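> Provide a 3D model corresponding to the input given below.
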Amino acid sequence: MDSLFVKKICIDWSRIPESSYLHGIQSLKGVEEIPFNSPVTYFAGENGTGKSTILEGLAVAYGFNPEGGSRNYSFSTYDSHSELWDAITVARGIGKNHWGYFLRAESFYNVATKETEYADGNHPSMRLHEMSHGESFLTIMQSKLSSAGLYILDEPEAALSPQRQLTLLVEMQRAVKAGAQFIIASHSPIILGYPGADIISFDSGKLHFVKYEETESYQVTEMFINNREYLLRRLLET
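Here you go, the predicted model:
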């Protein structure tokens, strides 16, 4: 575990105003620390349970730009991140982070724009805006997840087809072998399937570790595939 870039995060709730909406997120109440024991850790759970909130707070506390990109990115198009980052202390491992990337699906367009602006003769632009949304996502994954570093990904499946999600798993494995650490929020039963990963569920009102087959993403997908006609008939009948 000491080789991980992030061993755990600690949350000091006294630094968060009582009026903050953060106190109303059920899964986060009373949570003072979240440990990381595996090179790949997933945050899984229903919308609104706090996955992206924690992920964003960790990313900003670690030094990433709130809207995404590498740690060299510094810009702001809309200040939407919460004050949680200022209450988070990151316990770091012994590994020195030479590289890293924070990917947010909702602000990827802004990062792609800045990538063009930051380009120069030594770092030519990848011309992400000339690609489809999915192609640009995958290009970032294949070009940035290349070495030891911390990679924080918020719902990377948002623009990826099932086939491309499998490609992402291949890229992740390549990076993990090089010493990378991934912390990912995802609803995708494909992306959640990375072997040996830790999965922290935000469902049931508290954080807890679960097995892959215990995630709602897996269970709902399995139920739909095995009982599609019956489920659709029950859901759509009028």
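> and after the longest helix seen in the chain, which helix or strand comes next?
Counting by DSSP state H, the longest helix found in the chain is helix 162-177. Downstream of helix 162-177, the next assigned helix or strand under DSSP states H and E is strand 181-185.
> can you list the strands that that following strand pairs with?
strand 40-44 (parallel), strand 150-154 (parallel) (DSSP bridges).
> mean pLDDT lowest where, among those strands?
For the strands paired with strand 181-185, mean pLDDT drops lowest on strand 150-154, to a mean of 92.
> just the strands in the protein please.
For the chain, the strands defined by DSSP state E cover 6-11, 33-35, 40-44, 88-92, 100-104, 150-154, 181-185, 198-201, 208-210.
> comparing these by mean pLDDT, which bottoms out?
strand 100-104 has the lowest average pLDDT among these, namely a mean of 83.
> so that strand versus strand 181-185, what angle?
Counting by axes from the mean of the first three to the mean of the last three C-alpha atoms, to 10 degrees, strand 100-104 lies at 10 degrees to strand 181-185.
> packing partners for strand 100-104?
Contacts defined by 3 or more C-beta pairs under 8 Å, 6 or more residues apart in numbering; DSSP states H and E place strand 100-104 against helix 51-62, helix 133-144, strand 150-154. C-beta coordinates here come from the backbone N, C-alpha and C atoms, glycine included.
> identify the residues contacting that strand?
By C-beta atoms under 8 Å, 6 or more residues apart in numbering, the residues outside strand 100-104 that reach it are 5, 56, 59, 62, 64-65, 67-71, 111, 140-141, 144-145, 149-154, 156.
> that older thread, most tightly packed of the helices and strands packed on strand 100-104?
With neighbours taken as mean count of other C-beta atoms under 10 Å, those reach their highest mean count in strand 150-154, at a mean of 24.
> off-centre distance for it?
On the basis of C-alpha atoms, centre = their mean, to the nearest Å, strand 150-154 sits 5 Å off its chain's mean C-alpha point.
> rewinding a little: let's have the strands paired with strand 181-185 in JSON lines, adding distance to Leu236.
As requested, these are exported to JSON lines (distance: least, C-beta to C-beta, whole Å):
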{"stretch": "strand 40-44", "distance to Leu236": "27"}
{"stretch": "strand 150-154", "distance to Leu236": "31"}
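> among those strands, which is nearest Ala180?
With C-beta to C-beta as the criterion, Ala180 lies closest to strand 150-154 of these, at 6.0 Å.
> just want the angle from the closest one to helix 162-177.
Put simply, strand 150-154 runs at 160 degrees to helix 162-177, going by the same axes, to 10 degrees.
> who touches strand 150-154?
Strand 150-154 is contacted from outside by 5-6, 52, 55-56, 58-59, 62, 64, 97, 100-106, 144-145, 175, 180-186, using C-beta under 8 Å, 6+ apart.
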